[in-house]
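[1] Structure for this input, please:
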Amino acid sequence: MNITQILLGATAAVLLAALGLSYMSMRSGKQGDSRKQQAVELLQENASYEAELKRLKSGQPLTSPVLPIEAPATISADKLKEIEIQNTLLREQVLRSEKKVQQAEEETLAMNQRQVQKHDKTARRARLISQAMLMAQVQEVAEQEGIFVIVLNVKMPNAVRMNTELAIRRGTGIIGRIIVSNIADGATFADPLPGTFPGGSVDVKVGDELIIPPL
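    Residues are numbered from 1 along each chain as shown. Model (predicted):
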C-alpha cells in the first residue's frame with residue numbers, strides 16, 4: 001500500500017466520522033425540537049386546566065384568556081416526563097371538579113323542583129278549601145273546664161248529620177275539625193276533635209265556616 005492509498009483511506013475515515021457526527025447532531029436536534037413542541041402543547045393544556053379549576057372553584061366566568069406558552073430554550077426527557085405527569089393530574093382534577101359541580105347542580109335542580117311541587121300542592125289545596133261549599137257556621141261556643149259546647153248554624157241540612165266530621169275554614173286554611181254530636185229540637189251541636197288543631201289547643205270561634213274536609 002503506497003502513501004496515496006493511505007491518505008485516501010484516512011480522508012475517507014474522517015469524512016465518515018464527520019458524517020456520523022453530523023447525523024447524530026441533527027437527530028439530537030430533531031429530538032430536542034420535538035420535546036420542545038410537546039412541552040409547549042402540554043404546558044398550554046396545563047394552563048387551561050388550571051384556569052378551568054379556578055373557574056369551577058369560584059363559579060365565575062374567566063375574566064381573561066389563557067395566554068400562549070413560550071417554548072423553552074431546552075428541555076430534557078425527564079423534564080418532559082414531569083410535565084406529562086402534571087398534565088395527567090390536572091386533567092383528573094378537572095374531571096372530578098366538573099363531576100362535583102354537575103352533582104351540585106342536579107341536587108339544586110331537584111330541590112327546586114320539590115319546592116315548586118310543594119308550592120303547587122299547597123296552592124291547589126288552598127284553592128280547594130276556598131272553593132269548598134259552606135256546610136255550616138259556628139253560631140255559639142261555650143267552654144267550661146276544657147269541655148266545649150258548639151252550636152252550629154247549618155246551611156246544608158242534608159249533608160250535616162250525626163257524626164258528620166267538618167273542617168273549620170279560616171281564609172284558605174283549615175285550623176281544626178269538629179264532629180256533629182247531637183241534633184235535637186232543631187239545634188245541631190258539635191264537639192271539637194282536639195288532635196286536629198295544629199296549635200294543640202282547641203280553637204273554635206263564632207262565625208267560623210265549616211266545610212267537608214278536603215282530601
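[2] Assign Leu109 to helix, strand or coil.
    At Leu109 the chain is in helix, as set by DSSP: H, G, I helix; E, B strand; the rest coil.
[3] Can you tell me how far it is from Arg55?
    Distance, Leu109 to Arg55, by Cβ to Cβ, to the nearest Å: 20 Å. C-beta coordinates here come from the backbone N, C-alpha and C atoms, glycine included.
[4] Looking at the two, which has the bigger crowd around it?
    Arg55 (16 against 10; other Cβ atoms under 10 Å).
[5] isn't the more buried one right next to Thr63, touching?
    No. With contact defined as Cβ atoms under 8 Å, Arg55 does not count as touching Thr63 (9.7 Å).
[6] tell me the domain ranges of the protein?
    3-97, 133-211 (automatic domain parsing).
[7] Put together a markdown table for those domains, with distance to Gln103 and mean pLDDT on each row.
    Output for those, formatted as a markdown table (distance: least, Cβ to Cβ, whole Å; pLDDT from 0 to 100):
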| stretch | distance to Gln103 | mean pLDDT |
| --- | --- | --- |
| domain 3-97 | 11 | 76 |
| domain 133-211 | 37 | 93 |
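[8] How many residues are close by Thr88?
    Neighbour count for Thr88, taken as other Cβ under 10 Å: 11.
[9] helix or strand for it, which one?
    Taking DSSP states H and E as the criterion, Thr88 maps to helix 77-131.
[10] That helix: what's the following helix or strand?
    Assigned by DSSP H and E, the successor of helix 77-131 is strand 136-144.
[11] what's in contact with stretch 121-137?
    Contacts with stretch 121-137, where a contact means Cβ atoms under 8 Å, 6 or more residues apart in numbering, come from 152-156, 159-160, 166-167, 169, 171-174, 188, 207-212, 214.
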